[in-house]
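> Next input, structure requested:
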Amino acid sequence: MSDSAKEGHASIDRRTLRTRQLLADALISLGAAGDVDALEVGEIASEAGVARSTFYAHFASKDDFLIRSYVNMLAATEAAVRAHFPDRAELLPSRSLFEHIHQAGAFALRMAQSDIYPQQMAAGELKLREIAEKNLERLKPEWPLDRRRATAVYVAGGFVGLIRWWKQTGLKETPDRMQAVFEQLTQSALEAD
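Below you'll find the predicted structure:
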C-alpha cells in the first residue's frame with residue numbers, strides 16, 4: 001500500500017497496517033478455497049502468521065474483521081486513485097474496484113455466499129456514499145447539499161447493485177464492461193436536472 005493509500009488510515013501505524021494486510025491476504029487465500037462462514041479466527045491468524053490475540057487486538061470478531069476489512073479496502077482504493085488522479089471526473093474508484101474483484105474472483109464469489117455478505121455490502125455502500133459525496137463536492141460545488149447527497153446515494157447504490165449482480169452471474173462480464181455500465185449510470189446522475 002502506498003503512502004497516499006495510507007492517508008485514509010492516518011491514525012494507524014505501519015505495523016498495524018502490515019498486520020491487517022496479512023490478515024486480509026490470509027482471508028482471501030483461505031476464503032477462495034473454502035466456505036467463508038466456516039473459517040475460524042485461529043485459521044485466519046495462523047495463515048497470516050499472527051497470534052489469535054493479535055487478531056483480537058485489531059478486531060472484535062470475524063464478522064467485524066470481514067466488514068471493516070472491506071470498508072477499509074474501499075477507503076484505501078479511493079485514497080490511492082485520488083493520489084494519482086486528483087482531478088478525475090469519476091465519483092468512485094470503480095475501475096480499480098472492478099479489477100480487484102475480478103482478480104480475487106474465487107474469493108469474491110465465496111464471500112457473496114456468506115452469511116455476513118449483506119452486512120458487509122451495506123457497510124460498504126455507506127462508505128461509497130461518503131466517497132461519492134466528497135467527490136461531488138469537488139466536481140459539483142454549485143449543487144445544493146441535498147442534491148449531492150441524493151446523487152451519492154444513487155451512485156453508491158447503483159454500484160453495489162452492479163457488484164451484487166456481477167457476482168450472481170459468476171463474474172462473467174469483464175471489468176471493462178462493468179466499468180462501461182457503471183459510467184452510463186453515473187453519467188445519467190450527473191446530467192439530470
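
> Helices along this protein, start to end?
With DSSP state H, the ranges of helices along the chain come out as 14-33, 41-48, 52-58, 62-84, 94-103, 105-111, 117-139, 145-168, 175-191.

> in the last one, what's buried?
Taking 16 or more other CB atoms under 10 Å as the basis for neighbour counts, the residues of helix 175-191 that come out buried are 175, 178-179, 181-182, 185-186, 189. For every residue, glycine as well, the C-beta is placed using N, CA and C.

> same question, the fourth one
By neighbour count on 16+ other CB under 10 Å, the buried set for helix 62-84 is 62, 65-72, 74-82.

> Rebuild the buried residues of helix 175-191 as TSV, extending it with distance to Val41 and pLDDT.
Converted to TSV, the buried residues of helix 175-191 look like this (distance: CB to CB, whole Å; pLDDT from 0 to 100):
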residue	distance to Val41	pLDDT
Pro175	32	98
Met178	33	97
Gln179	35	97
Val181	37	96
Phe182	35	97
Leu185	38	89
Thr186	38	91
Ala189	40	85
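
> and those residues, which two are the farthest apart?
Distance extremes for these: the farthest pair is Pro175 and Ala189 at 20.9 Å, using CB to CB.

> Where does pLDDT dip in this protein?
Applying pLDDT under 70 to the chain flags residues 1-12, 192-193.

> right, and Thr77 touches Phe98 too?
No. Under the criterion of CB atoms under 8 Å, Thr77 makes no contact with Phe98, lying 10.7 Å away.

> Report the separation between the residue nearest to Met121 when sequence neighbours are not counted and Tyr117.
The shortest distance from Met121 to any residue other than its chain neighbours is 5.7 Å, reached at Val160 (CB to CB, 6 or more residues apart in numbering). In this view, Val160 and Tyr117 are 11 Å apart by CB to CB, to the nearest Å.

> Next: Val181.
The separation that Val181 has from Tyr117, given CB to CB, amounts to 21 Å.

> Also Asp35?
Counting by CB to CB, the gap from Asp35 to Tyr117 is 12 Å.

> Neighbour count for those two, which is higher?
Set side by side, Asp35 and Tyr117 show more neighbours around Tyr117, with 18 against 11, by other CB atoms under 10 Å.

> measure the most centrally placed residue in the chain to Ile28 for me?
The C-alpha lying nearest the average C-alpha coordinate of the chain belongs to Leu74 (CA atoms, centre = their mean; 3.2 Å). Per CB to CB, Leu74 is found 15 Å from Ile28.

> again, but for Arg95
Between Arg95 and Ile28 the distance is 20 Å, computed by CB to CB.

> contacting residues for the closest residue to Glu99 other than its chain neighbours?
With CB to CB, 6+ apart as the measure, Pro175 is the residue that lies nearest to Glu99, at 4.8 Å, once sequence neighbours are left out. When the contact criterion is CB atoms under 8 Å, 6 or more residues apart in numbering, the partners of Pro175 are 95, 98-99, 101-102.

> With that, I have no additional questions.
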